[in-house]
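In: got a predicted structure here, sequence first:
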Amino acid sequence: MADAVDVAGIVAWMNGFQRRVHLEVTYLTDLDSAIGDGDHGVNMDRGMAAVVAALGPAVANGSVLTVGAALHMVGMTLVSTVGGAAGPLYGTMFLRMADGLAETVQLDTDGLTDAFARGLEGLRARGRALAGDKTMIDALTPAVDAMRTAATEGATLAPALAAAAQAAEAGRDATAPMLARKGRASYLGERTIGHIDPGSGSMAFLVAAAREAFGA
Amino acid sequence: MKKLINTPAKLVSESLAGLAAAHREIVLNDELNVVYRAGGPRPGKVGVVCGGGSGHEPAHAGFVGMGMLDAAACGEIFTSPVPDQLVEATNRANGGAGVVQIVKNYTGDIMNFEMAREIAQASGDIEIETVVVDDDVAVEDSLYTAGRRGVGLTVIVEKLVGAAAESGMSLREVTQVGRAAVSEGRSVGLALTPVTTPASGKPMFDLEEDKIEFGVGIHGEPGRERRDFAPAAELAEALAGPILADLPFGPGEEVIALVNGMGATPLIELYVMNAELARVLAGRRIEPVRTLVGNYMTSLDMAGVSFTLLRATPQRLALWDAPVVTPSLRWGA
């Protein structure tokens, strides 16, 4: 496949993420029930169903032509349909990824890495959270670092995203021993230790879906 | 589970339709589940908006009307409204003098209100201020948590801020009324039974017959600790204690008090708890000069009670006594 991400690639990525979230609703909900309010799986499933319903047709009928427009549509749809904390967080991430890409039809490894890095900045700002607070940031941060390293070494999309997906999963697993400092989980304090953060769980699926869509 | 519902997915919109059918002073946008004052915003008056998950009725839609809220956005059960709903509420409340958003301190609510503020300000010339209510002393407030939850004090803040806006104060003054009240008001609650959400159909936690959940929230989340059930007098002491310890109420102080039911506790028991609260306060030489007793910030079908105490000042008493005409709070008009 061409070593670049275009609108069709964004559609494939979102379709893959939606399928994964839908298959894993119970897993995400179980993670959230342990330390939150138990609705992360259901909320993400509802939001991604709305994204898939909106994005594919918009690309097919030519009303969404650029990578930026596609990412923007994903962000706005998630903001309007997910609710809770995950809606604003994932919504902000995609809206920030779309920044500056309104005219862009193809993203290379560097471009995609920059987009993920902007998304991560957006998450930090919206959630006022840092690495180590036991949030989705703990899965995305190592993924962006791994992509950046690969991109600097001249890697194509496939190896860069393979490294990113592996790093996101390791980052997700590393949230288990952390003490939650943000969100509803923070009310439980020490009782959060030993549980994986649900947001880091869905984030690892998002990066894995990117590997499958762009890195094959 | 026996509930007077048709289907859980339509519970919020069908309940709001019933509220609107009963009250001519409010109008329902039934696509976005936003309730606003009939007649629209008054030009030159600061708009007052609240929003939050549903399941806390009459909060917040029941407090829309003259002297209180201009609009309320109603999310799904125990889920923050999304920015689209909050933008609609903000626009409905905008009379050109700015809008105050009253937000209960939960991560989702904070973020959705923040995005709504950005969207509303990007699409129009509107000044927006925020009052975050975080009064629950059961939650530790530190750099390492999301901070205290917003609970019963929210009702009092809505009344005071709404009256301040109605009186013609500026956006800055109205906001200051709200923030000052938040700094001098505290709450804590307890549950006798768990809550059952219509979607799950099951109690959210198990509570033995001889136990209470102390320091409980309003979303079915567990409280600070499980304690032995006890007579009303002891439970009232236990609730008043951490509030009085957290705020420097001294002898001779006057307070506005809210004895709030969680949804399934009858008024006869709430008045017993108020008698006990009055006794506890008298022992500290603190006088509750205004007291509201009833189910105002509820948690669906949970049985239980919360106490809220706010320092009374001459300005707060005047704002509290000012006329209000809403579905669930009305006096003086």
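Out: Thanks, I have the structure now.
In: need the residues of chain B near chain A, please.
Out: For chain B, the contact set with chain A under Cβ under 8 Å from any Cβ of the partner chain comprises B:75-76, B:78-84, B:106-108, B:111-112, B:114-115, B:139-140, B:143-146, B:149, B:217, B:219-221. C-beta coordinates here come from the backbone N, C-alpha and C atoms, glycine included.
In: how about a cut-off of 7 Å?
Out: Contact residues (Cβ under 7 Å from any Cβ of the partner chain) of chain B with chain A: B:75-76, B:78-80, B:82-84, B:107-108, B:111-112, B:115, B:139, B:144-146, B:219, B:221.
In: narrow those to those in helices?
Out: Secondary structure assignment (DSSP state H) places B:Pro83, B:Asp84, B:Thr107, B:Gly108, B:Met111, B:Asn112, B:Met115 from the residues of chain B next to chain A within helices.
In: top of the residues you listed by neighbour count?
Out: When neighbours are counted by other Cβ atoms under 10 Å in any protein chain shown, B:Asn112 leads these with 32 neighbours.
In: now do the contacts for it.
Out: When contacts are counted by Cβ atoms under 7 Å, 6 or more residues apart in numbering or on different chains, B:Asn112 touches A:Gly87, A:Pro88, B:Ser80, B:Pro81, B:Val82, B:Pro83, B:Leu86.
In: at 6 Å what do you get?
Out: B:Asn112 sits next to A:Pro88, B:Ser80, B:Val82, B:Pro83 when contact means Cβ atoms under 6 Å, 6 or more residues apart in numbering or on different chains.
In: nearest residue to it in space, please, no chain neighbours.
Out: Leaving out its chain neighbours, the residue that sits closest to B:Asn112 by Cβ to Cβ, 6 or more residues apart in numbering or on different chains is B:Ser80, at 4.8 Å.
In: quick check: that neighbour touching B:Thr107?
Out: No. Counting by Cβ atoms under 6 Å, B:Ser80 stays clear of B:Thr107, with 8.7 Å between them.
In: thinking again about what came up before, which of the contacts of B:Asn112 sit farthest apart?
Out: B:Ser80 and B:Pro83 (9.7 Å; Cβ to Cβ).
In: before we move on, back to that, quick check, nearest of the contacts of B:Asn112 to B:Glu184?
Out: B:Glu184 has its nearest neighbour among the contacts of B:Asn112 in B:Ser80, at 26.1 Å by Cβ to Cβ.
In: what's the burial count for the closest one?
Out: 28.
In: pLDDT score for it?
Out: Note for B:Ser80: predicted pLDDT of 91.
In: distance of it relative to A:Leu31?
Out: Distance, B:Ser80 to A:Leu31, by Cβ to Cβ, to the nearest Å: 20 Å.
In: likewise A:Gly16?
Out: Taking Cβ to Cβ, one finds A:Gly16 at 20 Å from A:Leu31.
In: same deal with B:Ser13?
Out: On the measure of Cβ to Cβ, B:Ser13 and A:Leu31 end up 30 Å apart.
In: compare those two (neighbour count), which wins?
Out: A:Leu31 (24 against 15).
In: residues in contact with the host helix or strand of the more buried one?
Out: Using DSSP states H and E, A:Leu31 maps to helix A:25-35. Contact with helix A:25-35 is made by A:Gly38, A:His40, A:Gly41, A:Asp45, A:Ala185, A:Leu188, A:Thr192, A:His195, A:Ile196, A:Pro198, A:Gly201, A:Ser202, as judged by Cβ under 6 Å, 6+ apart.
In: rerun that using 8 Å as the cut-off
Out: Residues outside helix A:25-35 that contact it (Cβ atoms under 8 Å, 6 or more residues apart in numbering or on different chains) are A:21, A:38-42, A:44-45, A:180, A:185, A:188, A:191-192, A:195-198, A:201-202.
In: stretch A:163-178: how far from the chain's middle?
Out: The chain centroid and the centroid of stretch A:163-178 are separated by 13 Å under Cα atoms, centre = their mean, to the nearest Å.
In: shaky segments in the stretch 51-200 of chain B?
Out: Within the stretch 51-200 of chain B, the ranges that satisfy pLDDT under 70 run B:141-144.
In: try it again with 50
Out: Within the stretch 51-200 of chain B, no range satisfies pLDDT under 50.
In: for it, what spans make up the strands?
Out: B:71-77, B:99-104, B:128-133, B:185-191 (DSSP state E, counting those that start in this stretch).
In: repeat that for chain A.
Out: For chain A, no strands are identified by DSSP state E.
In: which residues of it lie near chain B?
Out: Residues of chain A that fall close to chain B, judged by Cβ under 8 Å from any Cβ: A:37, A:39, A:43, A:79-85, A:87-89, A:91-92, A:126-127, A:179, A:181-184, A:186-187, A:189.
In: and the buried ones among these, selectable in ChimeraX?
Out: Buried members of these can be picked out in ChimeraX with the line below, counting by 16 or more other Cβ atoms under 10 Å in any protein chain shown:
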select /A:37,39,43,79,80,81,82,83,84,85,87,88,89,91,92,126,127,179,181,182,183,184,186,187
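In: overlap in contacts of B:Ser80 and B:Thr107?
Out: Common neighbours of B:Ser80 and B:Thr107, counting by Cβ under 8 Å, 6+ apart, are A:Ala85.
In: residues touching B:Met204, list them.
Out: For B:Met204, the contacting residues are B:Pro194, B:Val195, B:Thr196, B:Thr197, B:Gly220, B:Glu221, by Cβ under 8 Å, 6+ apart.
In: report how many residues lie close to the third one.
Out: As a burial measure, B:Thr196 scores 17 neighbours (other Cβ under 10 Å).
In: so what's it up against?
Out: B:Thr196 makes contacts with B:Met1, B:Lys202, B:Pro203, B:Met204, B:Leu300, B:Asp301, as judged by Cβ under 8 Å, 6+ apart.
In: can I get the lowest-mean-pLDDT helix or strand in chain A as PDB, trimmed to CA atoms?
Out: Counting by mean pLDDT, DSSP states H and E, chain A has its least confident helix or strand at helix A:25-35, which shows a mean of 88. Provided in PDB are the C-alpha atoms of helix A:25-35 (Å, rounded to 0.1, in the frame of the first residue of the first chain):
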ATOM      1  CA  VAL A  25     -17.600  -3.200  25.300                       C
ATOM      2  CA  THR A  26     -17.700  -5.600  28.200                       C
ATOM      3  CA  TYR A  27     -13.900  -5.500  28.700                       C
ATOM      4  CA  LEU A  28     -13.900  -1.700  28.800                       C
ATOM      5  CA  THR A  29     -17.000  -1.500  31.000                       C
ATOM      6  CA  ASP A  30     -15.400  -4.000  33.400                       C
ATOM      7  CA  LEU A  31     -12.300  -1.900  33.600                       C
ATOM      8  CA  ASP A  32     -14.400   1.200  34.300                       C
ATOM      9  CA  SER A  33     -16.700  -0.600  36.900                       C
ATOM     10  CA  ALA A  34     -13.600  -1.400  39.000                       C
ATOM     11  CA  ILE A  35     -12.500   2.200  39.400                       C
END
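In: so for it, what gets flagged as buried?
Out: For helix A:25-35, a neighbour-count test (16+ other Cβ under 10 Å) marks A:Val25, A:Tyr27, A:Leu28, A:Thr29, A:Asp30, A:Leu31, A:Asp32, A:Ser33, A:Ala34, A:Ile35 as buried.
In: how far away is the second one from chain B?
Out: So that's A:Tyr27. 18 Å (Cβ to the nearest Cβ, to the nearest Å).
In: gap between that residue and B:Ala333?
Out: 54 Å.
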